[in-house]
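1. Mind looking at a prediction? Sequence and model below.
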Amino acid sequence: MQSYLVGGAVRDKRLGRAGGDRDHVVVGATAEEMLARGFRPVGRDFPVFLHPQTGEEYALARTERKSGHGYHGFVFHADPGVTLEQDLARRDLTINAMAEDEHGRLIDPFGGARDLEARVLRHVSPAFAEDPVRLLRVARFAARFAPLGFTVADETMALMREMVNAGEVDHLVPERVWQETRKALAEPRPSAFLRLLRETGALAVLFPEIDALYGVPQSAHYHPEIDTGIHVEMVLDAAAELAPGDDRVGFCALTHDLGKALTPKAEWPRHIGHERRGLAPLRALAARLKVPAEHAALAELVCREHLNAHRAFELRAATLLRLLIALDALRRPARLEPFLAACAADKRGRLGHAQDDYPQADYLRAAREAAAGITAAPFVARGLAGPAIGQAMTKARIAALRALKAAWPPAG
């Protein structure tokens, strides 16, 4: 029985990145032997165990055989005769198919270290094509490693296109699509995820609402990049910079302009009312992928209200209050920040505007504070009751916002 450190921990160590999970493969052991040594079983489909002291994951070396379509269409085989190289051969990319023994010596049968050095994402074997999730994983790794200069090998791109053409991607379950997408939206360069899916044809299958944005023109005066799909890519990357690791903001960036794909061509390049048009495709996408309720709710707010946020300085006090109420920002102040981050990303996600300030954010924060500072207590003390309290509070909040607007920007 011998164990090896495998996968991402080995890859990231060689990249000089902070280590995440440490996964191990055990060769020459049975499940019964693992249990006898105090390991706790956690695997449902194949033998995976947690170390009794460290809690790290140890899996018995295994092979897999295609038995059907999609992610679940596999039969796994694990016994003491399965070698480390056989286990590594079933992995997706060469950079994830390296191992280290207990002395830190590298075992690299598929050239992962060479591909790390060359900054290449390359599939291990033709078996890659048997699991459509791997296409999403490669796209996610592209989003993670694009800032380091990684590209996808030509032969891997060709194989992924073949997978899409063969209909393998059609068998992906929504939960797994969302799981990989959510991770990609939290990576440093999520635009790479989108581009790779589009280049392989998978975007049209999995995200037709997003794919439809490419080729839709916008006014060059406001959007020098012109193409709406390119704009969404730029907004995604701006969101990753403004709210690192926040997949809620990433999902808002991804879906904020879906309505532009529904603008009649006769109206191009203008998109009047696109924020309302975008709600139906957003809801359809969120329902299909079973997106968490808070992600979907925040994305709807950004889709519907981002233009009001951009025009914040022009809004009348009453309209400004309606915006804050629509955001539920008076009761839930924490919701305001991801909304503002997504709106700021929309402004920055334009050619030549990547470093633009977004002064509307400070103004809207101040507006929230001014409106939230009006409470019911003084009106109750004056003897008001029932609806009269709410009416008085609304009037006082509008007055407070009018005063804020008149005094903005604050001195100093």
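-> Looks like it came in fine.

2. all contacts plus neighbour counts: C-alpha atoms, from now on.
-> OK.

3. can you map out the helices along the stretch 101-250 of the chain?
-> Secondary structure of the stretch 101-250 of the chain (DSSP state H, counting those that start in this stretch): helices at 112-118, 133-145, 154-165, 174-185, 190-200, 202-206, 208-211, 228-242, 247-255.

4. what's the closest of those helices to Asp21?
-> Asp21 lies closest to helix 174-185 among the helices of the stretch 101-250 of the chain, at 15.1 Å (C-alpha to C-alpha).

5. Point out the most buried one among the helices of the stretch 101-250 of the chain.
-> Each of the helices of the stretch 101-250 of the chain was scored by mean neighbour count; the highest is helix 247-255, a mean of 27, by mean count of other C-alpha atoms under 10 Å.

6. Show me what the helix or strand following that one is packed against.
-> Toward the C-terminus, helix 247-255 is succeeded by helix 274-277 as the next helix or strand (DSSP states H and E). Using 3 or more C-alpha pairs under 8 Å, 6 or more residues apart in numbering; DSSP states H and E as the contact criterion, the neighbours of helix 274-277 among helices and strands are helix 293-310.

7. distance of Gly149 from Ala143?
-> The span separating Gly149 from Ala143 equals 11 Å under the rule C-alpha to C-alpha, to the nearest Å.

8. for Arg182, same thing?
-> Using C-alpha to C-alpha, one gets 12 Å for the distance from Arg182 to Ala143.

9. and if you look at Asp211?
-> Note on Asp211: its distance to Ala143, by C-alpha to C-alpha, is 18 Å.

10. was I right about Ala361 contacting Leu340?
-> Yes: when contacts are counted by C-alpha atoms under 8 Å, Ala361 is listed as touching Leu340 (5.9 Å).

11. Compare those two and say which is more crowded by neighbours.
-> A direct count of neighbours by other C-alpha atoms under 10 Å for Ala361 and Leu340 places Leu340 higher, at 23 against 20.

12. For the strand or helix carrying that one, enumerate the helices and strands it packs against.
-> Here Leu340, judged by DSSP H and E, is contained in helix 336-348. Counting contacts by 3+ C-alpha pairs under 8 Å, 6+ apart, helix 336-348 is packed against helix 228-242, helix 247-255, helix 293-310, helix 360-372.

13. Reformat those helices as TSV; add mean pLDDT and distance to His274.
-> Shown next, in TSV, are those (pLDDT from 0 to 100; distance: least, C-alpha to C-alpha, whole Å):
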stretch	mean pLDDT	distance to His274
helix 228-242	98	12
helix 247-255	98	12
helix 293-310	98	9
helix 360-372	98	21
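
14. now the residue nearest to Ala366 when sequence neighbours are not counted: how far from His306?
-> Closest residue in space to Ala366, ignoring its immediate chain neighbours: Leu404 at 8.0 Å, by C-alpha to C-alpha, 6 or more residues apart in numbering. The spacing between Leu404 and His306, counted by C-alpha to C-alpha, is 21 Å.

15. Equivalent analysis for Ala385, please.
-> In this structure, Ala385 and His306 are 36 Å apart, going by C-alpha to C-alpha.

16. Pro41 too?
-> Computed as C-alpha to C-alpha, the Pro41 to His306 distance reads 48 Å.

17. the more surrounded of the two?
-> It is His306, of Pro41 and His306, that has more neighbours when counted by other C-alpha under 10 Å, with 22 against 18.

18. The residue lying closest to His274 once chain neighbours are set aside: neighbour count?
-> Residue nearest to His274 in three dimensions, not counting chain neighbours: Gly259, with 4.4 Å by C-alpha to C-alpha, 6+ apart. Gly259 is flanked by 24 other residues according to other C-alpha under 10 Å.

19. So what are the structural domains in this protein, by residue number?
-> What the record gives for the chain is the domain set 1-112, 227-412, from automatic domain parsing.

20. lowest-pLDDT helix or strand in the chain?
-> Across the helices and strands of the chain, mean pLDDT, DSSP states H and E gives its lowest value to strand 74-78, namely a mean of 65.

21. Following element in sequence after that one, please.
-> Per DSSP H and E, strand 74-78 leads on to helix 84-89 as the next helix or strand towards the C-terminus.

22. Would you mind checking the average pLDDT for that following helix?
-> Mean pLDDT, helix 84-89: 94.

23. which secondary structure elements does that helix contact?
-> Packed against helix 84-89, as judged by 3+ C-alpha pairs under 8 Å, 6+ apart, are the following elements: strand 62-66.

24. neighbouring contacts of stretch 49-62?
-> In this structure, residues lying in contact with stretch 49-62 by C-alpha atoms under 8 Å, 6 or more residues apart in numbering are 21-27, 29-31, 34, 38-43, 47-48, 76-80, 82-84, 86-87.

25. one more time with 7 Å, if that's ok
-> Under the contact criterion C-alpha atoms under 7 Å, 6 or more residues apart in numbering, stretch 49-62 has outside partners 22-27, 38-43, 47-48, 76-78, 82-84, 87.

26. need the longest helix for this structure.
-> Secondary structure of the chain read by DSSP state H shows that its longest helix is helix 387-407.

27. which ones are touching the residue nearest to Ala192 when sequence neighbours are not counted?
-> Closest residue to Ala192 apart from its sequence neighbours, by C-alpha to C-alpha, 6+ apart: Ala143 at 4.9 Å. Counting by C-alpha under 7 Å, 6+ apart, Ala143 touches Ala184, Glu187, Pro188, Arg189, Pro190, Ser191, Ala192, Phe193.
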